[in-house]
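J.: below is the sequence, then the predicted model.
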Amino acid sequence: MSRRAELRVFEASEGVDRLLYDFDKWSDVVSATGHLNQYATQLTTLGNILRPTLVEVRRQLIERSNGLSLGEIYDQARMTDIRVAFCYTLWRWFGDRFDQRLDPQLRPALLAADEVIWSSWERLHRNTGRTTCPAPLPAIDGSWVAKATARVAPPRDIRAPNNDALLRECAKILPIPVIGLPPLVVRRPWWLVVAVHETGHHVQYEFGTDLVSSVAKAVRQAVKVAGGEVHDAQDWANWSHELFADAFSVALAGAGAVWAIEELEMCADKDLITPRRTYPPPVTRLSILRRMLERSGVPPGEQTLRIPNANTATAANTERARILEHHTRHVVEALFSVDIGGTTLSALSANAITRRQRAALWRDDLLKKDAALSPVQTLDAARECVSGAVWAWQQSSNEPDMHDVVARLRERILVVLPECREDSVRAVPSVPQVDNAVRDLIDVVLHIGDLA
């Protein structure tokens, strides 16, 4: 091999080594920022997937460069650079979200979000007796609404070029499901209640062999039983993904979760009964939320949900809304009865009245001016606290000195919510099938050259 060829192989190999070094240094820093080592499993598994992949990339570079011409060696080195760049992009997609915890402006809200998500995630694991999987990682996203990024559907910027299917397969067992939160939660942390809905989506992805399909099937059947036409049943099935997350959030966070959805659904009269692809018309969604509250044990007299008059749009849409309203009770019963790895939303909502009473106590404490807040260290405390925070916001919005009250409320929420956690380490057993994930990622990375 000529000197020029040796230098080019060395340069490409050095790129692998540098990425390995940078990842290890970064992992050490992030591990030190996690509260009670709660990200140990995610970080360890991510490293256990990326490191062997990079080692294999380097091995193939060295072995396949023997006996090649100078041009062919340059081709091998160039392909190594492309593969390293892809691994870097994969790491940094997660890394950027971990690194937000180093930002003093974002860290308090993210630590608070950790508790709301863990409170929801772990509650389901305990009710089902399942070994806890790594909880979704919250991060501030550029979107104006919260969104869940499933491990089975990685975002576009970390998919392999022209070959989404391969990376989607390897991502199925990457260790870090993600919840993107809007920047709004930093200044108005009671909006963290939306994280319960997004956690519900990850429950759909992680529990059972195909909970998304089984929920859709249960809803479709319920509408047929209610006398719905085939197209009615299919519409409800299309909406069932979001409606399950709605029901999950109502079961675990009650009226606070409903408030957030109501805020997001308020719109011009002409749009109230307009059908959508993944959600029912706003007036139908609000109606079904009211039934969800009733199903979880909150009596109508204690609900504040406002359902607007839907008789303002076209006659056809109004009639459609009336038909959908007839199905809502059956749909709610299906959602609350579907099996979720050994439990149901009905079982999860069994203590809804007690949680609402505790949320009222949080509301009162959060609105006090001078008294110090005492954290409650139970599994449900974070959800009860954020539900109480929503309640406190609703009440404070009517105060003459609203801006001062809201500023104080924000500060008190961000101080106490991160402390509403059980005194335990949250590192959980390693994600299974890591060896399969390594093989899948290697397969993706080694085929990038054919696709780029």
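T.: Received it, and whenever you're ready, just let me know what you need.
J.: I'd like the next helix or strand past the helix or strand harbouring residue 285.
T.: Counting by DSSP states H and E, the element that carries residue 285 is helix 282-295. Sequence-wise, the next helix or strand downstream of helix 282-295 (DSSP H and E) is helix 315-337.
J.: and the next helix or strand after that next one, what does it pack against?
T.: On the C-terminal side of helix 315-337, the closest following helix or strand by DSSP H and E is helix 345-348. Applying 3 or more CB pairs under 8 Å, 6 or more residues apart in numbering; DSSP states H and E, we find helix 345-348 packed against helix 107-128, helix 230-253, helix 315-337. Bear in mind the C-beta positions are built from the backbone N, C-alpha and C, glycine included.
J.: quick one: closest of those helices to residue 268.
T.: Residue 268 sits nearest to helix 315-337 of all the helices and strands packed on helix 345-348, at 13.2 Å, using CB to CB.
J.: and that closest one, which residues are buried?
T.: 317, 320-321, 324, 327-336 (16 or more other CB atoms under 10 Å).
J.: circling back to that earlier point, could I get the helices and strands packed on helix 345-348 as a markdown table with distance to residue 44?
T.: As requested, those are exported to a markdown table (distance: least, CB to CB, whole Å):
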| stretch | distance to residue 44 |
| --- | --- |
| helix 107-128 | 18 |
| helix 230-253 | 28 |
| helix 315-337 | 36 |
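J.: got TSV for the buried residues of helix 315-337, with pLDDT and distance to residue 56 too?
T.: Converted to TSV, the buried residues of helix 315-337 look like this (pLDDT from 0 to 100; distance: CB to CB, whole Å):
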residue	pLDDT	distance to residue 56
317	67	57
320	81	56
321	82	57
324	91	53
327	95	53
328	95	53
329	95	56
330	96	53
331	97	49
332	97	50
333	97	51
334	97	47
335	98	45
336	97	48
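J.: let me know the closest of the residues you listed to residue 96.
T.: residue 335 (34.8 Å).
J.: ok, which stretches of the stretch 351-452 of the chain are strands?
T.: Counting by DSSP state E, counting those that start in this stretch, the stretch 351-452 of the chain has no strands to list.
J.: can you give me the helices for it?
T.: 352-367, 381-396, 402-416, 434-451 (DSSP state H, counting those that start in this stretch).
J.: isn't residue 393 right up against residue 188?
T.: Yes. Shown here, residue 393 and residue 188 form a contact pair, counting by CB atoms under 8 Å, at 7.5 Å.
J.: hey, least reliable of the helices and strands packed on helix 345-348 by pLDDT?
T.: Mean pLDDT is lowest for helix 315-337 among the helices and strands packed on helix 345-348, at a mean of 87.
J.: what number of residues lie near residue 371?
T.: 8 (other CB atoms under 10 Å).
J.: for it, which residues are in contact?
T.: Shown in contact with residue 371 (CB atoms under 8 Å, 6 or more residues apart in numbering): residue 365.
J.: run the last query once more with 7 Å
T.: By CB atoms under 7 Å, 6 or more residues apart in numbering, residue 371 lies in contact with nothing.
J.: and it, its phi and psi?
T.: Residue 371 has phi and psi values of phi -60, psi 140 when expressed as degrees, to the nearest 10.
J.: again with residue 181
T.: Residue torsions, per degrees, to the nearest 10, at residue 181 are phi -120, psi 140.
J.: pLDDT value on it, please?
T.: Reported pLDDT for residue 181: 96.
J.: and it, how many neighbours?
T.: 25.
J.: swap in the one 4 residues further on?
T.: Counted with other CB under 10 Å, the burial measure for residue 185 works out to 23 neighbours.
J.: read off the pLDDT value for the residue nearest to it when sequence neighbours are not counted.
T.: Counting by CB to CB, 6 or more residues apart in numbering, residue 185 lies nearest to residue 191, which is 4.8 Å off, once chain neighbours are set aside. Note on residue 191: pLDDT of 97.
J.: how about residue 191, what does it touch?
T.: 184, 185, 260.
J.: state the distance from it to residue 65.
T.: Here residue 191 is placed at a distance of 54 Å from residue 65 (CB to CB, to the nearest Å).
J.: could you list the low-pLDDT ranges of the stretch 51-200 of the chain?
T.: Applying pLDDT under 70 to the stretch 51-200 of the chain picks out residues 151-175.
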